[in-house]
Every structure is written in C-alpha cells, then in structure tokens.
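Asker: Okay, sequence plus prediction incoming.
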Amino acid sequence: NAGVIQTPRHKVTGKGQEATLWCEPISGHSAVFWYRQTIVQGLEFLTYFRNQAPIDDSGMPKERFSAQMPNQSHSTLKIQSTQPQDSAVYLCASSRDWGGEQYFGPGTRLTVL
Amino acid sequence: GQQVKQSSPSLTVQEGGISILNCDYENDMFDYFAWYKKYPDNSPTLLISVRSNVDKREDGRLTVFLNKSGKHFSLHITASQPEDTAVYLCAAGAWVATGGNNKLTFGQGTVLSVIP
C-alpha cells in the first residue's frame, strides 16, 4: 500500500503564476481532504470530497483557489495568481469511508516568491 | 475563534516518565477525537483516535482520555522514549452531528521533548 501520494513535493512559483497540486488517495478510500499548514495558522481544513463529489469547501479562500476530483484516483488543488501569503505546506488526506480515520500524504511545500 | 486548543506549546519529560498532552475544545458537536504525531518536514501520522461513546482507549503505551463534560481530551504516553520527541497535534471532528462531514479541526500542536 503506497499511502497517499502528493506531487510535486516542492513547488516554487513567482507571484501571479498558477500552481496545480496533485493528490492520489489510498486505493479504496472514498473521501479526500485538502488541508494547509502554516507556522502562524497551523493546520487548517480547505475542502473535502466524498465519492468524487464536493462536500465541503468552507475552508477554501473564495478567490483564486479551486479543487476538483475528476476520478476516484486523483484530486487537484489549483491556485491562480499565487501570492506570497499562499506559501504553505498543502496536505492531502484520505479515509476509507464515512467516519473513517484520515491518513495524510507527504505534502507539497509551495513557495511563492 | 480557535475551536481546538493545545494550551501548552511545549513539554519536556524525562526518559521513562509519563508524557501527558492536553487538548480543549469548544464545539459541542465534536464526536471524534484524534492525536497525530508529526516530525519536522514530515506529514502528520495518526496515533490513536476515539469516538464520543467511550471515555478511554488504550493502545500499547498510548492512552486517550475523553472528558466530554469538560470538553477536554488528553494523550498519555507511558515509558516515554527519546524517539517520542516530536510535535503532537490533537484533532476533532463532528461526524455524526453533521451527517458525515469528516473534516478535522486541529490544535496548534505541542512539542514534546523526551530527554535521556
């Protein structure tokens, strides 16, 4: 079992550029979560899919951030016009089903210059 | 406001002693409680979790205690080892109350240092 896979592990973008982060959940897991970790805010929820359907995006910044899950094997988090304050570690987690325990991927460290 | 709080940013324990990590929460709807361990530059790893229908769960050297009336849960690590040194994050979710929304709310973390 490979665990949750996230690519790239590190990404550096210039201010105003677009960043796309990828997540492959554990095979058989039906729920996928995106979180963001910063030193100041800690680990914060962004958005959540269950069986590929968006369930809760209450943590997503209203502008520039979007997430999709086009199939059961991957999800993407896209940030348009990146800003320095978007710099963070973006974590993806998956769980088996409703109420299942969440397992995290290694994260993508995004640095916006 | 911060719904899940770890009031102690750091804790130092002697090797062999008991480490007690604490977490307070505000949301009455939380019904799932978990502890994660995190090394620098690594992602969180689930250690142990408990549902609200129990007040204690043991797994080896780890025990979670849940006090729902006090909105408090804790992680006890017995026979602490230097390799237990890490950041410990508590997390809570309101799965039943929200009809299945599994998102977790995390505390800010406690840095545990176990000294030989």
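Answerer: Yep, that arrived.
Asker: and the residue most central in space within chain A, how far is that from B:S113?
Answerer: When Cα atoms, centre = their mean is applied to chain A, the residue found nearest the centroid is A:W34 (3.5 Å). To B:S113, A:W34 is 31 Å away according to Cβ to Cβ, to the nearest Å. C-beta here means a position set from N, CA and C on the backbone, and glycine is covered the same way.
Asker: same question, B:F33
Answerer: Between B:F33 and B:S113 the computed distance is 24 Å (Cβ to Cβ).
Asker: the more surrounded of the two?
Answerer: B:F33 (27 against 14; other Cβ atoms under 10 Å in any protein chain shown).
Asker: Up against chain A, what does chain B have?
Answerer: B:32, B:34, B:36, B:42-46, B:49, B:89, B:95-96, B:100-109 (Cβ under 8 Å from any Cβ of the partner chain).
Asker: Run a quick check on B:A97 versus B:S52, I expect a contact.
Answerer: No - under the criterion of Cβ atoms under 8 Å, B:A97 makes no contact with B:S52, lying 9.6 Å away.
Asker: which helices and strands does the host helix or strand of B:L75 pack with?
Answerer: Following DSSP states H and E, one finds B:L75 within strand B:72-77. Counting contacts by 3 or more Cβ pairs under 8 Å, 6 or more residues apart in numbering or on different chains; DSSP states H and E, strand B:72-77 packs against strand B:19-25, strand B:45-51, strand B:62-67, strand B:86-93.
Asker: For the closest residue to A:G42 other than its chain neighbours, give its distance to A:L21.
Answerer: Nearest non-adjacent residue to A:G42, counting by Cβ to Cβ, 6 or more residues apart in numbering or on different chains: B:Q108, 4.6 Å away. B:Q108 is 24 Å from A:L21, where distance means Cβ to Cβ.
Asker: Return the helix or strand in chain A with minimum mean pLDDT.
Answerer: The weakest-scoring helix or strand in chain A, judged by mean pLDDT, DSSP states H and E, is strand A:53-56 (a mean of 92).
Asker: what pairs with that strand, and is each one parallel or antiparallel?
Answerer: strand A:42-50 (antiparallel) (DSSP bridges).
Asker: what does the strand it pairs with contact?
Answerer: Contact with strand A:42-50 is made by A:30-38, A:54-60, A:65, A:67, A:69, A:75, A:77, A:90-91, A:98, B:44, B:89, B:100-109, as judged by Cβ atoms under 8 Å, 6 or more residues apart in numbering or on different chains.
Asker: any idea of the angle that strand forms with strand B:86-93?
Answerer: 50 degrees (axes from the mean of the first three to the mean of the last three Cα atoms, to 10 degrees).
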